[in-house]
Every structure is written in structure tokens, then in C-alpha cells.
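**Q** What follows is a predicted structure for the sequence shown.
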Amino acid sequence: MSGTERSGIWITFEGIEGTGKSTQIARLSDRMRRSGLSVVATREPGGTALGRSLRSLLLRPTDSPMDPLTELLLYAADRAQHLREVVLPALERGDTVLCDRYLDATLAYQGFGRGLGVDLVLDLHRQEPLDMRPRRTVLLDLDPTLAVGRARRRNVGAGLDETEGRFEKERLEFHRRVRQGYLELASAEPDRFRVVDAAGTPDEVERRIAGALADLLDPDRPVTRSSGNGG
């Protein structure tokens, strides 16, 4: 099943910690609403009341490591509820859905980063409603040293270090595996993914994203297929 079978447009934003996904989703949704479009901006985990409870479990640092399979199943539980409660109703209404993370995050983080492998993740996501796929995925790509440094400073500044900092506390090598996983996923599905260089100012990245989504949101503007470095 695919998001293209619904009347709305479903766009997901992916990338390792600190690549600016939340900032860019907010900018895009504001711009689209000013143009009179109906937009739902949401996130995983945490796009529903149940998801907010699961987000706390998944992102809060603890002294005892979470088993990778437990982590995978909690993300899948959040996703199933999010699809039923938020994403699918919005698409049925004809809204544009902008989602901060989806299945590709689980493939990259749990499949590649934790070493569970993509087959286990994909097997779980063959069940309804988890078999839904977005129309377009924007992968914000940035060197992990820069990205994770950004994310850690953000968490300290916003007081999130002890409530949502579990992944930012992972070693750099973990984030390198996740980034490489993302790039491999993008390479395997070039029609769905657009790799966008997340270096530079928010304005510069916003312009790159506008080019990457031009064929969906601004058909008169040329599309940018990839502006990441792929390395």
C-alpha cells in the first residue's frame, strides 16, 4: 500500500540528530498555510497522546540500556497509533502531511544502527497499517560530528538533555552507521528520496528543500533530485 493511493500528499523528513528536521518542517508548514493549503505537521514518536507517553520511554536517558528489539516494537506501536489517529485521516481529507520521521528512521536506527537488520524491520511493517509508505522523503544529510554536536547543544539549551537526550548520548560511531543506513536507503529508492545537504543556514537549507519538493508542491519550478554529498 502507498500514500499515493490517498488524496492527500504525505512527505516525511529524515536524518540523524541535529540535521534541522523540526526547523524545516515548521518553516515549510508555515509557508504552505500562508498559501491557503491545509497542512498537518506531526512527528514520530509523539504524534498522539499514546505516542507522547512512548516518546518519553524511548528518548529519556536511563542507566539500563533498552534492548534493541524492545526499542523497535515501541516505535512500531507508536507508528500504528499515529497512522490510524493522525496520518490516514489527514490524507483522506486531502491534507498535506509533513512528518518528522517514519519507517526509514526505524530502518536506519534499529536496522543499521542497532544491527537488527532491515529484514526484521520490514517484516514487521508488512502488517496494516504499518505497510503505508509516504509519497516523498526528504533526507537531510550532514556529517555526524557536526550534526550530533548541534543536537547536544540544542538539548542543553532547551533543557532536554535529561528528558529526550538518549540518542544524542550514543557514540559517534552509532550515528555514522545510522547516516550510512539512510544513504543506502536513499540510493535504493531514488524516486521517493531527495537527499538535501543540511549544512549552511536555515534559509539555505529551506531553499534546497523547496527545490527538492518542487514537483509535488510547485510544479512550475524545477525539481532538485539530490543535493547531499552522499558520503
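**A** Cool, got the structure. None of the values given here were measured: they were computed from a predicted structure.
**Q** neighbours of residue 36, just the number please.
**A** By other C-beta atoms under 10 Å, the residues close to residue 36 number 6. C-beta: built from backbone N, CA, C; applies to glycine.
**Q** Is it in a helix, a strand, or coil?
**A** Each residue gets one of three states, and residue 36 gets coil by DSSP: H, G, I helix; E, B strand; the rest coil.
**Q** after the helix or strand of the chain with the lowest mean pLDDT comes which helix or strand?
**A** In the chain, the helix or strand scored least confidently by mean pLDDT, DSSP states H and E is helix 144-158, which has a mean of 85. Per DSSP states H and E, the first helix or strand lying C-terminal to helix 144-158 is helix 172-188.
**Q** buried stuff in that following helix?
**A** Counting neighbours by 16 or more other C-beta atoms under 10 Å, one finds that the buried residues in helix 172-188 are 174-179, 181-183, 185-186.
**Q** got those residues as CSV, with pLDDT and distance to residue 89 columns?
**A** Putting these into CSV (pLDDT from 0 to 100; distance: C-beta to C-beta, whole Å) gives the following:
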residue, pLDDT, distance to residue 89
174, 94, 35
175, 95, 34
176, 96, 38
177, 97, 35
178, 97, 31
179, 98, 33
181, 98, 30
182, 98, 28
183, 98, 33
185, 98, 27
186, 98, 29
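**Q** Show me which of those residues is closest to residue 78.
**A** Nearest to residue 78 among the buried residues of helix 172-188 is residue 178, at 18.3 Å by C-beta to C-beta.
**Q** ok, the residue nearest to the closest one when sequence neighbours are not counted to residue 133 distance?
**A** Spatial nearest neighbour of residue 178, excluding adjacent residues (C-beta to C-beta, 6 or more residues apart in numbering): residue 113 at 4.3 Å. Using C-beta to C-beta, to the nearest Å, residue 113 is found at 21 Å from residue 133.
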